[in-house]
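>>> everything below, folded, please.
(one chain, ligands or ions: 1)
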Amino acid sequence: MTRAAVICGLGTWVPPRVVTNDMLAAELDTSDEWIRTRTGITRRHVVNPGVSTGHLATEAGRRALESAGVTGVDVVVVATSTPDRPCPATAPVVASRLGLSGVAAFDVAAVCTGFVYGLATAAGLIGTSVAKTALVIGADTFSTILDPGDRTTRVIFGDGAGAVVLRAGDHEEAGALRGFDLGSDGRGVDLITVPAGGSEQRGSGVTAEEADTYFHMDGPQVFARAVRHMTSSVRSVLKDVAWDAEDIDHVVPHQANVRILDACARELGVSADRVVKNVDRVGNTVAASIPLALADASADGRLEAGQRVVLTGFGGGLSWGSAALTWPGITAVGGER
Ligand code: UT7
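Numbering: from 1, shown residues only. This next block holds a predicted model:
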């Protein structure tokens, strides 16, 4: 590819309603102590009735465009696994709400790896001159698909959206996406899933049990695979861009569980202070997780222009992916966290 995709804007949005661990403990058989020690999460943001993924994606997209100082892009990619409707994609509606009717717009469904897959897709479109600019949004409202009585998933997930603007640029400039590693293993389809509602169940002619219309996750199985695949994916992308682990200024992982992040850091030999974490304040926000973490690290001054950053994600599919980049000199525009 002749042209690099360069990050030139970052925006985020989380719904204003905060749900604390104590609020969950008042309705489920759980406790603030269990949630903090097993996940590191203290609170999460959750949408009110009537607010969908498309609304959050639009707010984050608007802020990313403002951060980049632009009003238009050539393509809008929305990474989500909680689309507004099973059909069509959410991205065209988001694009139109942003005043971008007419541009290419489509969704990428890779659950918690969605933002990395979306970045790679948009970088490919820029690298092959199909587009000069792109808006990549990671947005999810998992609160809308969780079983209200399932303590293992209710405590983990939060809602949110984060977005970046990409433009064509030079491989050596700050903000350039340098390399990607992407992978999947469909043998793990049942470990993270909403079993009903798709063509598999509808085509079977069997009416879905209500429980199967909700999100299911085999936490301990997913935990082990998350550590294994995120560390091996980071190693692969480092090899691709010829960086050593000690060259990385910041690893920005998908915020699944603080124990997963600590285990990845240990495996990679990266000190804890170089791993960006905000799972305590937002929980696991699925496709929004990595851009929300980037925005927090940018806002508190940790991310500086030119620093070497590796993003890594793991989730349903199973799927995983990592991206190596240098951080641009941008100011994120985002909601209060
Ligand atoms: O984002 C996509 C990728 N997702 C992830 O990476 C998530 C990965 N998995 C995890 O983060 C963790 O597995 C969980 C946080 C989901 C669960 O933590 P765990 O340490 O793996 O707990 P566990 O499922 O092994 O359960 C341990 C115990 C069980 O009780 P018993 O059988 O030992 O009596 C559970 O019933 O903890 C119980 N438990 C709870 N107790 C209080 C499970 N959830 C809760 C809860 N509150 N919310």
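>>> could you list the buried residues of stretch 188-205?
For stretch 188-205, burial by neighbour count (16 or more other C-beta atoms under 10 Å) applies to 188, 191-196, 201. Where C-beta positions appear, they are placed from N, C-alpha and C, glycine not excepted.
>>> ok, now stretch 22-36?
Quick answer for stretch 22-36 (16+ other C-beta under 10 Å): 24-25, 30, 32, 35.
>>> likewise for stretch 81-92?
Going by 16+ other C-beta under 10 Å, stretch 81-92 has these buried residues: 81-84, 89-92.
>>> avg pLDDT for it?
When pLDDT is averaged along stretch 81-92, the result is 98.
>>> can you check stretch 176-194 too?
On average, the pLDDT along stretch 176-194 is 98.
>>> could you do stretch 323-337 as well?
Stretch 323-337 comes out at a mean pLDDT of 88.
>>> buried residues, it. List them.
Neighbour-count burial for stretch 323-337 flags 323-328, 330, 332-335, 337 (criterion: 16+ other C-beta under 10 Å).
>>> quick revisit: closest one to the ligand out of the buried residues of stretch 188-205, please.
residue 192 (6.0 Å; C-beta to the nearest ligand atom).
>>> enumerate the residues of the stretch 101-250 of the chain near the ligand.
112, 151-152, 155-156, 219-220, 222-223, 226 (C-beta under 6 Å from any ligand atom).
>>> which residues in the stretch 201-337 of the chain form helices?
Applying DSSP state H, counting those that start in this stretch to the stretch 201-337 of the chain gives helices spanning 219-241, 258-268, 279-282, 289-299.
>>> need the winner for burial among the ones you listed.
Across those, the average number of neighbours (mean count of other C-beta atoms under 10 Å) peaks for helix 289-299, which reaches a mean of 26.
>>> how far off centre is that one?
Put simply, helix 289-299 sits 10 Å off its chain's centre (C-alpha atoms, centre = their mean, to the nearest Å).
>>> contacts for that helix, please.
10-12, 14, 60, 112, 115-116, 138, 160-164, 250, 252-256, 276-278, 281-282, 285, 303, 311, 313, 327, 330-332, 334, 337 (C-beta atoms under 8 Å, 6 or more residues apart in numbering).
>>> so which of these are in strands?
Among the contacts of helix 289-299, DSSP state E puts 10-12, 138, 160-164, 250, 252-253, 311, 313 in strands.
>>> tell me which two of those sit farthest apart.
161 and 250 (21.5 Å; C-beta to C-beta).
>>> these two: which is more packed in?
A count of neighbours by other C-beta atoms under 10 Å puts residue 161 above the other of residue 161 and residue 250, at 36 against 21.
>>> check what pLDDT the more buried one gets.
Looking at residue 161, its pLDDT reads 98.
>>> quickly note the distance from it to the ligand.
16 Å (C-beta to the nearest ligand atom, to the nearest Å).
>>> that older thread, out of the contacts of helix 289-299, which are buried?
Neighbour-count burial (16+ other C-beta under 10 Å) applied to the contacts of helix 289-299 gives 10-12, 14, 60, 112, 115-116, 138, 160-164, 250, 252-256, 276-278, 281-282, 285, 303, 311, 313, 327, 330, 332, 334, 337.
>>> for the residue lying closest to residue 66 once chain neighbours are set aside, give me its contacts.
The spatial neighbour of residue 66 that comes closest, neighbours along the chain excluded (C-beta to C-beta, 6 or more residues apart in numbering), is residue 333 at 5.0 Å. Contacts of residue 333 were listed using C-beta under 8 Å, 6+ apart, and they are 9-12, 63-64, 66-67.
>>> in the stretch 151-300 of the chain, which residue sits closest to the ligand?
residue 219 (2.8 Å).
>>> is it true that that residue touches residue 151?
No - with contact defined as C-beta atoms under 8 Å, residue 219 and residue 151 do not form a contacting pair (10.9 Å).
>>> for the chain, which spans come out with low pLDDT?
1, 335-337 (pLDDT under 70).
>>> state the distance from the most centrally placed residue in it to residue 202.
When C-alpha atoms, centre = their mean is applied to the chain, the residue found nearest the centroid is residue 287 (2.7 Å). From residue 287 across to residue 202, the span is 24 Å (C-beta to C-beta, to the nearest Å).
>>> same check, this time on residue 160
Distance, residue 160 to residue 202, by C-beta to C-beta: 30 Å.
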